[in-house]
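> Provide a 3D model corresponding to the input given below.
(chains A and B)
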Amino acid sequence: MTTPTRDRVAAVLRHALAGAAAANGWSGTDAVPVEVEVPKDPAHGDYATSVALRLAKPLRRSPREIAAAIAAHVPREAPVASVEVAGGGFVNVRLDDAWLRAQVLEIAREADAYGRSERLAGTRIQVEFISANPTGPLTVANARGGPLGDVLANVLAFAGADVEREYYVEDRTAQVKRFGISLAVRYRQLFGERIDLPLDGYQGDYVGDIAARIKELHGGRFRDLSLEDQGAAFVPMAMDWMVADAQRVTAKLGIRFDSWFRQSSFIESGYLARTIDALRRKGVVVERDGVVFFETPEAVALRREGDEGWVLVDAAGEAKYLATDIAYHRLCLEERGVDLKLDVWGANTQYHVAQMKLVLPLLGIDAARFEVLLYQYVRFLKEGVLTRMGRRTGQFLLLEDVLDAVGADVARFFLLQRGADAPLDFDFELAVQHSNDNPVYYVQYAHARIASIFRTAAERGVAPDGGDVRLLVAPAERDLIRLCLRLPELLDEIVAHRGVHLLTVYALELAGAFHGFYRDHRVVSDDAALSKARLGLVRAVQVTLRQTLGLLGVSAPESM
RNA sequence: GCCCCCGUAGCUCAGUGGAUAGAGCGCAGGCCUCCGAAGCCUGAAGCAGCGGUUCGAGUCCGCUCGGGGGUACCA
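Numbers count the residues shown, from 1 in each chain, chains lettered A, B, ... in the order given. A predicted model of the protein is given here:
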């Protein structure tokens, strides 16, 4: 349980502003939030606020005057050592060194709890991610949402939320039917029949492999069925195998889902039909030529050129994606007790998200309970050419091949280094070639080095506990402590903005600060007292690094 | 055409509206009688363009030019 230092400072500054306002008869200071940031230039202190600059206009006072008044009302007591007005009206705060040093012991004491909070306690959040079409093996494109969703789930749980990881298995779609037909064609070919894959069939070699597996298990038992019946017979088997395969490969990526929820379950239970009925009763459904549309003035307004309407059920009676997804989300949010459903989806669902945002409130579901983290797509380099991944076309890069080549740590770290909004190009050859100088090793090396320091200390009989932190007076030591204290602040930011990739940035920064410290300062030396103090500091860094890597789902090795 | 995302160093990418824009790789050079050189230090090199909002813009808004995605009775 950790209160971010920035929150403490912000509270002090808010209080000071209130005091300054009371003393000077200012009103309306509440309208401007006291935002506290970490200045880039250490000369500007540990924390700074620009609230005086923002208040200048409404108060019709100079920023420096306001800043001075705030500064005058800040009590010089821990954690604050000094306050100064700088620049055009910044209030810069410097933390008390003794307080700062004491945090070293605090972090070590908190250990596995360091960075945790109760911010989201009592909130049940479902994070749904990957959820790839069960029509083939997972690709690198599918994988992008993996670390993103998994780490987001980690961070939310760390903040006290009751988190469940869900993989939605869409096993009743038109694509799945198409996949079944492709299996049937390959099955027939195994018996020498001359038949070609339909144009919209699945081209990948794995389709033939599955057909061969069916033949091996069942021989010619299905030979007399029609193509459609063969497809229908093969799909359930194939779905089980695809899910098992996805479970195996996501486990390799270090992800464990709490549920593998099948679309067929709520179609068979009648929940889908009941949901469509519920929409009918709301008067937002119309039928034309046997096709069931969702239609409201808002929906019509959203439509783009060529958009005939939002189809719920086609003329053949097949429910479409919009319908099943409405039912699925309603099920999660209304029946399964989820407070917030947070979907991690590819950028191509952008229009669908807008549709969902419009439909769900009509079913009495607050749109704020449905949130989507969109990530841009992955392209991969095939023989030096950028290619869009598509399973149906057979153009893809298997996630498992990447994992086998570079390992889960490297793959996760790589995928988490860029923000979800940025497109991602993946050069397999380059990834393999560069895996040895991957940034993840830089971070892990820092952790292993620390472990090594403790081994050295043990060999030399230096007990790591009970050091006097007052001996930590070097600037590099102070910087390290401050950086460790940034973790809880960063986690708050990620909870607020979902930017999980910031954790990798932070890990690199902390590792870098440690490597620099290590070069200039000997931890285990002839000076026993200083050695013990520095071991305490190094312990705090180790704890922080371990917490960060743990949230990233990347291993923290003792040696490498 | 319309909608969404992106354009930062040679390459891949970070950068909650703040005070001197960062990292890795690559390139040039240097550092192990001493806790791990998977490390450290030094150097060259950058916000696509034009306007606007703001005390302050890489960050927000508009336009232009590039790149990606969507625009299905696919998901």
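
> just so I have it, where are all the strands in the stretch 151-300 of chain A?
For the stretch 151-300 of chain A, applying DSSP state E, counting those that start in this stretch gives strands covering A:162-169, A:259-262, A:285-288, A:291-294.

> quick one: end-to-end distance for stretch A:456-465.
14 Å (C-alpha to C-alpha, to the nearest Å).

> winner for burial among the strands of the stretch 151-300 of chain A?
With neighbours defined as mean count of other C-beta atoms under 10 Å, these peak in mean count at strand A:162-169, which reaches a mean of 21. Glycine gets a C-beta too; all of them are placed from N, C-alpha and C.

> partner strands of that one, with direction?
Strand A:162-169 has its sheet partners listed here by DSSP bridges as strand A:124-128 (parallel), strand A:259-262 (parallel).

> now these in JSON lines, with distance to RNA strand B?
Output for those, formatted as JSON lines (distance: least, C-beta to the nearest atom of the strand, whole Å):
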{"stretch": "strand A:124-128", "distance to RNA strand B": "12"}
{"stretch": "strand A:259-262", "distance to RNA strand B": "12"}
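
> which of those sits closest to residue A:557?
When these are compared by C-beta to C-beta, strand A:124-128 sits nearest residue A:557, at 27.4 Å.

> can you list the residues that contact the closest one?
Outside strand A:124-128, the residues that touch it by C-beta atoms under 8 Å, 6 or more residues apart in numbering are A:149, A:152-153, A:156, A:161-168, A:332, A:336-344.

> next SSE after it?
helix A:140-143 (DSSP states H and E).

> show me what that next one is packed up against.
strand A:378-382, helix A:399-416 (3 or more C-beta pairs under 8 Å, 6 or more residues apart in numbering; DSSP states H and E).

> rerun that using 10 Å as the cut-off
Counting contacts by 3 or more C-beta pairs under 10 Å, 6 or more residues apart in numbering; DSSP states H and E, helix A:140-143 packs against helix A:227-252, strand A:378-382, helix A:399-416, strand A:424-426.

> tell me where the stretch 1-150 of chain A has strands.
For the stretch 1-150 of chain A, applying DSSP E, counting those that start in this stretch gives strands covering A:36-37, A:47-49, A:80-86, A:90-95, A:124-128.

> does the shortest one come close to RNA strand B?
Yes: part of strand A:36-37 sits near RNA strand B under the criterion C-beta under 7 Å from any atom of the strand, namely residue A:37.

> in its sheet, what does that strand sit against?
strand A:47-49 (antiparallel).

> the partner strand and RNA strand B in contact?
Yes: residues of strand A:47-49 contacting RNA strand B under C-beta under 7 Å from any atom of the strand: residue A:48.

> mean confidence for that strand?
In this model, strand A:47-49 has a mean pLDDT of 96.

> kindly report the residues of the stretch 251-400 of chain A close to RNA strand B.
Looking at RNA strand B, the residues of the stretch 251-400 of chain A close enough under C-beta under 7 Å from any atom of the strand are A:289, A:291, A:304-309, A:311, A:314-316, A:318, A:320-321, A:347-352, A:374, A:376-377, A:379, A:388.

> now, of those residues, which are buried?
A:291, A:311, A:320-321, A:349, A:374, A:376, A:379 (16 or more other C-beta atoms under 10 Å).

> below-threshold pLDDT in the stretch 151-300 of chain A: ranges please.
Within the stretch 151-300 of chain A, no range satisfies pLDDT under 70.

> who are the neighbours in contact with residue A:453?
A:464, A:518, A:522-524, A:531, A:534-535, A:538-539, A:542 (C-beta atoms under 10 Å, 6 or more residues apart in numbering).

> widest-spaced pair of those?
Across those (C-beta to C-beta), the longest gap, 17.2 Å, separates A:522 and A:542.

> quick one: which of these two has more around it?
Just comparing residue A:522 and residue A:542: by other C-beta atoms under 10 Å the higher neighbour count belongs to residue A:542, 24 against 13.

> residue A:490: neighbouring residues, count only.
Count around residue A:490 with other C-beta under 10 Å applied: 20.

> once you drop chain neighbours, what's closest to residue A:460?
Take residue A:460 and drop its neighbours on the chain: the residue closest to it by C-beta to C-beta, 6 or more residues apart in numbering is residue A:524, 6.1 Å away.

> looks like the one you found contacts residue A:467 (just checking).
No: using C-beta atoms under 10 Å, residue A:524 is not in contact with residue A:467; the gap is 11.8 Å.

> rank the contacts of residue A:453 by pLDDT and give me only the lowest.
Out of these, that is residue A:464, at 87.

> before we move on, the earlier item: so of the contacts of residue A:453, which ones are in helices?
Within the contacts of residue A:453, residues falling in helices by DSSP state H are A:518, A:531, A:534-535, A:538-539, A:542.

> ramachandran angles for whatever residue of the stretch 201-350 of chain A ends up closest to RNA strand B?
Across the stretch 201-350 of chain A, the shortest distance to RNA strand B (C-beta to the nearest atom of the strand) belongs to residue A:314, at 2.9 Å. Dihedral angles of residue A:314 (phi, psi; degrees, to the nearest 10) stand at phi -80, psi 180.

> distance of it from residue A:131?
Using C-beta to C-beta, to the nearest Å, residue A:314 is found at 23 Å from residue A:131.

> what's the answer for residue A:334, then?
20 Å.

> quick revisit: deepest of the strands of the stretch 1-150 of chain A, which one?
strand A:47-49 comes out most buried of those by mean count of other C-beta under 10 Å, with a mean of 25.

> what residues does that one touch?
A:5-6, A:8-10, A:12-14, A:16-17, A:33-41, A:67, A:70, A:79-80, A:83-84, A:86-87, A:89-95, A:482, A:489.

> what does the stretch 101-250 of chain A put close to RNA strand B?
A:133, A:170, A:173-175.

> now the residues you listed in CSV, with neighbour count and distance to residue A:277?
Below are these laid out as CSV (neighbours: other C-beta atoms under 10 Å; distance: C-beta to C-beta, whole Å):
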residue, neighbour count, distance to residue A:277
A:133, 16, 28
A:170, 21, 22
A:173, 18, 21
A:174, 13, 22
A:175, 17, 26
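
> now render the residues you listed as JSON lines, adding distance to residue A:60.
Output for these, formatted as JSON lines (distance: C-beta to C-beta, whole Å):
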{"residue": "A:133", "distance to residue A:60": "61"}
{"residue": "A:170", "distance to residue A:60": "60"}
{"residue": "A:173", "distance to residue A:60": "62"}
{"residue": "A:174", "distance to residue A:60": "65"}
{"residue": "A:175", "distance to residue A:60": "64"}
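
> state the mean pLDDT of stretch A:126-144.
91.

> name the nearest residue to residue A:552, ignoring sequence neighbours.
Nearest non-adjacent residue to residue A:552 (C-beta to C-beta, 6+ apart): residue A:503, at 5.5 Å.

> quickly find the element holding residue A:342.
Taking DSSP H and E as the definition, one finds residue A:342 inside strand A:340-346.

> so which elements touch that strand?
Against strand A:340-346 (3+ C-beta pairs under 10 Å, 6+ apart) you get strand A:124-128, helix A:145-158, strand A:162-169, helix A:321-330, helix A:350-359, strand A:370-375.

> can you give the distance of stretch A:47-58 from its chain's centre?
33 Å (C-alpha atoms, centre = their mean, to the nearest Å).
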